[in-house]
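Trainee: Only the shape, not the letters, is given here:
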């Protein structure tokens, strides 16, 4: 009987070891087949334990040691199975097709198709210890979107250290469509900073406090959320070509209360603030910055809505010879620099409807509209030259189609002076981009 038990334990360890070392390939296997393998292995371990219970009443003292060793192997296998089930590898492969009405070459070709992104993510837990990362590959650059180590201090309290999401505004994204809103493009929603964050949830209340040592891991613009660009290049004459600001030693806090929690009709009201040091790598002087927001996050059956008002100010110690106006703040994301008003208010409103369908393999249709508006204090020009344009506006209207792991976003993105983001003109006229983003999740 002992020999049979050891054989079963060896089989369990072999299968579990194979699964553990083949973790990158697990994402490509069928989820149900994987679960069946784990269930079968768990049943094997349970049968081993039942055999051991039966053995205890008949085994001699000489076989006691073998029984103990077999039980240890069974418990080790159970621990490995739990570890596999508590870690999840996921990812996305996405392609992009676009048509921009301001780009003559793009119009002549009836649009372009490009590589969108490849995402590899891991989230898991081991007892009270939590961990997660999200790494992204784009055309010509790559970066760590988020990466953190966490600890579940109590049922209601979690602490995370690393590159974590800033507790500010409507979470997690601040918009309901694909492209985003002007507060997101300015770095006030769905932004990641480097530091430590404490999250507390109790009843209908959610509270978060954070200290961020740096805005990102490095001073460049190859990251996910927009932040001031701290790198400090110069031209051939030694003159600054950037503003060279970086947000350091920031404090952030967010408090939210959810009405109707636990039902299909909920309304969250949230208040948040963030601020701290704004260090200039050219002048070696420190300015400061602050942001505050009030938001509403509603979920009403199949309907969803987001509302947010944000006020902010960057008071920077910029170099005098950069040629960039002090009325703008230079920020960067996705390997691209652009200018937002140094002081102002931003408003965003989003509405979406999700509809489950049974159309062959198509299982969901999702309709959305995101609108956002910026009211600068003083003059603002997206070129950063000290000129003035009308208040920026951006609208993203579209739908998402989901079929199992496959998805496709279809967006009509219209903007007027919208920060010059990714090349759209800022000439006071409305411009439109048609975007299709499709791929699969694993």
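Mentor: On my side now, so go ahead. Every value quoted in this text rests on a predicted model; they were computed, and no experiment measured them.

Trainee: can you list contacts of stretch 322-331?
Mentor: Contact with stretch 322-331 is made by 186-187, 226-229, 239-245, 282, 314, 316, 318, 337-342, 376, 378-381, 384-386, as judged by C-beta atoms under 8 Å, 6 or more residues apart in numbering. Backbone N, C-alpha and C define where each C-beta goes, glycine included.

Trainee: And that stretch, what's buried?
Mentor: By neighbour count with 16 or more other C-beta atoms under 10 Å, stretch 322-331 contains the buried residues 322, 324, 325, 326, 327, 328, 329, 330, 331.

Trainee: The first one and residue 234: what is the separation?
Mentor: Spelled out, it's residue 322. 10 Å (C-beta to C-beta, to the nearest Å).

Trainee: And for residue 296?
Mentor: Counting by C-beta to C-beta, the gap from residue 296 to residue 234 is 45 Å.

Trainee: again with residue 225
Mentor: Taken as C-beta to C-beta, the span from residue 225 to residue 234 is 27 Å.

Trainee: When the two are compared, which one has more neighbours?
Mentor: Ranked by neighbour count (other C-beta atoms under 10 Å), residue 225 and residue 234 place residue 225 first, with 23 against 15.

Trainee: Let me know the secondary structure of the more buried one.
Mentor: coil (DSSP: H, G, I helix; E, B strand; the rest coil).

Trainee: now the one 5 residues further on
Mentor: Under three-state DSSP, the three-state class of residue 230 is coil.

Trainee: Got phi/psi on it?
Mentor: phi -90, psi -10 (degrees, to the nearest 10).

Trainee: Counting neighbours, what do you get for it?
Mentor: 25.

Trainee: and residue 317, what is it in contact with?
Mentor: Here residue 317 is in contact with 278, 280, 283, 285, 286, 287 (C-beta under 8 Å, 6+ apart).

Trainee: quick one on the thing from earlier: mind picking the one among the buried residues of stretch 322-331 that's closest to residue 162?
Mentor: residue 331 (21.9 Å; C-beta to C-beta).

Trainee: And the strands in the stretch 151-300 of the chain?
Mentor: 157-165, 192-202, 205-214, 227-228, 245-259, 265-280, 286-300 (DSSP state E, counting those that start in this stretch).

Trainee: Same list, those, but as CSV with mean pLDDT and mean neighbour count please.
Mentor: What follows is those, written out as CSV (pLDDT from 0 to 100; neighbours: other C-beta atoms under 10 Å):
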stretch, mean pLDDT, mean neighbour count
strand 157-165, 98, 19
strand 192-202, 97, 18
strand 205-214, 98, 18
strand 227-228, 96, 26
strand 245-259, 98, 19
strand 265-280, 98, 18
strand 286-300, 98, 18
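
Trainee: Out of the ones you listed, which is closest to residue 423?
Mentor: strand 227-228 (20.4 Å).

Trainee: For the closest one, name the packing helices and strands.
Mentor: strand 245-259, strand 328-333 (3 or more C-beta pairs under 8 Å, 6 or more residues apart in numbering; DSSP states H and E).

Trainee: Check what contacts it and list those residues.
Mentor: Taking C-beta under 8 Å, 6+ apart as the rule, strand 227-228 contacts 187, 191, 193, 215-216, 243, 245-247, 278, 314, 329-333.
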